[in-house]
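Undergrad: the sequence and its predicted three-dimensional model are supplied below.
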There are 2 protein chains.
Amino acid sequence: MLNQQFSAQDSELLEQIMQARRDVRGNRFATRPVAQKLVDKVLQAASYAPSVGFSQPWEFVMVSNQSTKQAIAESFRTVNQSAQQQFGDTKQQLYQSLKLEGIMEAPINIAVFYRPSKLPVLGQSSMQETGKYSVVCAIQNMWLMARSLNLGIGWVSILEPQEVKQVLSAPEDAELVAYLCLGHVKEFLDKPELEELNWEKRKPLESCVFDESY
Amino acid sequence: MLNQQFSAQDSELLEQIMQARRDVRGNRFATRPVAQKLVDKVLQAASYAPSVGFSQPWEFVMVSNQSTKQAIAESFRTVNQSAQQQFGDTKQQLYQSLKLEGIMEAPINIAVFYRPSKLPVLGQSSMQETGKYSVVCAIQNMWLMARSLNLGIGWVSILEPQEVKQVLSAPEDAELVAYLCLGHVKEFLDKPELEELNWEKRKPLESCVFDESY
C-alpha cells in the first residue's frame, strides 16, 4: 500500500499545491471557525514529517482565547516597531504599509515548539540543530496540508520568543520554532506579497545551484 | 489559476505522498542514474518553499563525483564511530547493524546550505534562525516532490559540517543545513526503519498537543 508508485499526474498535483501555498496575513483571513476535523488533518500531517532519529520532537499549543492572542499581538507590536528601523527610508515606508500578521483575525493560532529529548538522539550528535529542523519539516507538512484543504497559514516571526513562552507558560527547555495563524481565507494571492510589491526579487534557480563544489 | 480550490481527493493524495515518504539509505537505493528532468523538478520544488522576508536563502551543491563522495563518506565514518558510543550496550549493538547513509549508493548527493543575506531581512530580526528554517522548508518540499516522482531522499546528519564545507570549498558564511542522497529506490519501506526496529516508538499525537497553554 505505502510502497506505491505515484503517477505524473500525482506529482503535478503536488506541484500545484506547493505553488498555490501562501503566507496568509491580516484581513485575508476569514474569521469563521475551522472545523475540528480539518484542524486534526493539519496536525496529523505534522506527524508524518521526518525527524532525526525518529525523535518526533514537536509540540503544539493551540490558541484561540482572545486574551492570549491579545498578549501575543502586543509582543508583535513592540518587536515590529523596532524591526522596521533597520530599513532605509523608502523601504521603511513600504514596511509600515504591510500587514505582517493575522494573530487576531485567524480563528486559531498554533505555537510550535521544539522539545529536546533528555536522552541522546541517533543522528543528532554532530548537528544538534537537526532537532529543530525536524520541527520545521513538520511545519511545512502542515502548511501544505492546510493549503490542500483550502485553509491558510501565516508564520509570524516578528515576536520575542521568551515573551511567547511566558504567555503560554512553556517549560524552560521548550524552544519556540514558529507561531502560526490558521484559518479559512477570503483569497489566496497569485504571488507572495513581497514578490508582488518588489520588496525582494525572485532568484533564478540557476543562481542557487552549484556543480560538484562552490 | 493559483487561487484554486482543491478537492477532498487532492488533499487525500497529498496525505498519501506524506505517509509514503521515507528516509532512504544504503542499499535501498538503485544505482541507475536519475534523469536531469527529474532532478530539476526536485530543485524547482525547493524554490516554491516559503522563506522569511522572501529571502530565498538556499544554495545547493550537486555532487556526483566519486572522489568527492568518498571524502564525505570518510567524514561520516569518523563521526559515526564516536556517535555510537553515546548509547548503552543493547542499543549500541542495534546501532552497529544499521546502515545510516547512502552516500556512495545514491547517484546524486545534494549539500544544502544556508547563505545569510548581507542586508537586513524582513521578519528575521528577533528570530535569526528563521533563515535556516526557510532552507528546511525547501528541503521538505524537495523530499515530498522526490517521493511523488518515486525517487528516494535520505538526510545524512552524521557529519562534521566544517569537513563537508572544506570538501566542497564552501565560503565561510555558508552554513551546511543538510546533506541529502537522491536516487531511484529498490523499495520504500512501509514504516520508518527506526519505528520498525522499535528504536523509538511513535508518539500519539495527543501527547504533543496542548490546549491554550502548556
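TA: Arrived safely, thanks for sending. Quantities reported herein were computed from a predicted structural model and do not represent experimental measurements. Residues are numbered from 1 along each chain as shown, chains lettered A, B, ... in the order given.
Undergrad: state the pLDDT value of the nearest residue to residue A:197 once chain neighbours are set aside.
TA: Distances taken as C-beta to C-beta, 6 or more residues apart in numbering or on different chains put residue A:94 closest to residue A:197, at 6.6 Å, once the chain neighbours are dropped. Using the backbone N, CA and C atoms, a C-beta is placed for each residue, glycine as well. According to the predicted model, the pLDDT of residue A:94 comes to 94.
Undergrad: and residue A:94, what element?
TA: Mapping residue A:94 onto the secondary structure by DSSP states H and E places it in helix A:89-97.
Undergrad: tell me where the longest strand sits in chain A.
TA: strand A:175-184 (DSSP state E).
Undergrad: show me what that one is packed against.
TA: Strand A:175-184 makes packing contacts with strand A:108-114, helix A:130-148, strand A:151-156, helix A:161-167 when contacts are defined by 3 or more C-beta pairs under 8 Å, 6 or more residues apart in numbering or on different chains; DSSP states H and E.
Undergrad: residues contacting the most centrally placed residue in chain A?
TA: Of all residues in chain A, the one closest to the mean position by C-alpha atoms, centre = their mean is residue A:155, 3.9 Å from it. When contacts are counted by C-beta atoms under 8 Å, 6 or more residues apart in numbering or on different chains, residue A:155 is found next to A:23, A:139, A:143, A:178, A:179, A:180, B:50.
Undergrad: one more pass at 7 Å, please.
TA: Residues in contact with residue A:155, defined by C-beta atoms under 7 Å, 6 or more residues apart in numbering or on different chains, are A:23, A:178, A:180, B:50.
Undergrad: so the third one is in contact with residue A:108, correct?
TA: No - taking contact to mean C-beta atoms under 7 Å, the distance of 8.6 Å between residue A:180 and residue A:108 leaves them out of contact.
Undergrad: now do stretch A:174-188, average pLDDT.
TA: Summarised as a single mean, pLDDT over stretch A:174-188 is 97.
Undergrad: flag every buried residue along it.
TA: Residues of stretch A:174-188 classed as buried: A:174-185, A:188 (neighbour count, 16 or more other C-beta atoms under 10 Å in any protein chain shown).
Undergrad: ok, stretch A:205-214 next?
TA: So stretch A:205-214, judged by 16+ other C-beta under 10 Å, has buried residues A:208, A:209, A:210.
Undergrad: strands - which of the residues you listed land there?
TA: Counting by DSSP E, the members of these that fall within strands are A:209, A:210.
Undergrad: and the buried residues of stretch A:205-214, which is closest to residue B:167?
TA: Sorting these by how near they are to residue B:167, with C-beta to C-beta, puts residue A:210 at the top with 13.0 Å.
Undergrad: so the nearest residue to that closest one once chain neighbours are set aside, which of the three states?
TA: Using C-beta to C-beta, 6+ apart and skipping the chain neighbours, the partner closest in space to residue A:210 is residue B:61 (4.6 Å). Secondary structure, DSSP: H, G, I helix; E, B strand; the rest coil: residue B:61 is strand.
Undergrad: kindly state the beta-bridge partners for residue B:61.
TA: For residue B:61, the beta-bridge partners are residue A:210, residue B:111 (DSSP bridges).
Undergrad: mind checking pLDDT for it?
TA: Looking at residue B:61, the pLDDT reads 98.
Undergrad: got it, and the one 3 residues further on?
TA: As predicted, residue B:64 sits at a pLDDT of 97.
Undergrad: could you do residue A:3 as well?
TA: In the prediction, the pLDDT value recorded for residue A:3 is 69.
Undergrad: next: residue A:31.
TA: The predicted local distance difference test score for residue A:31 is 87.
Undergrad: quick one: it from residue A:39, how far?
TA: Taken as C-beta to C-beta, to the nearest Å, the spacing of residue A:31 relative to residue A:39 amounts to 15 Å.
Undergrad: which one's more surrounded, those two?
TA: Neighbours around residue A:31 and residue A:39, counted as other C-beta atoms under 10 Å in any protein chain shown, are more numerous at residue A:39. The numbers are 20 against 12.
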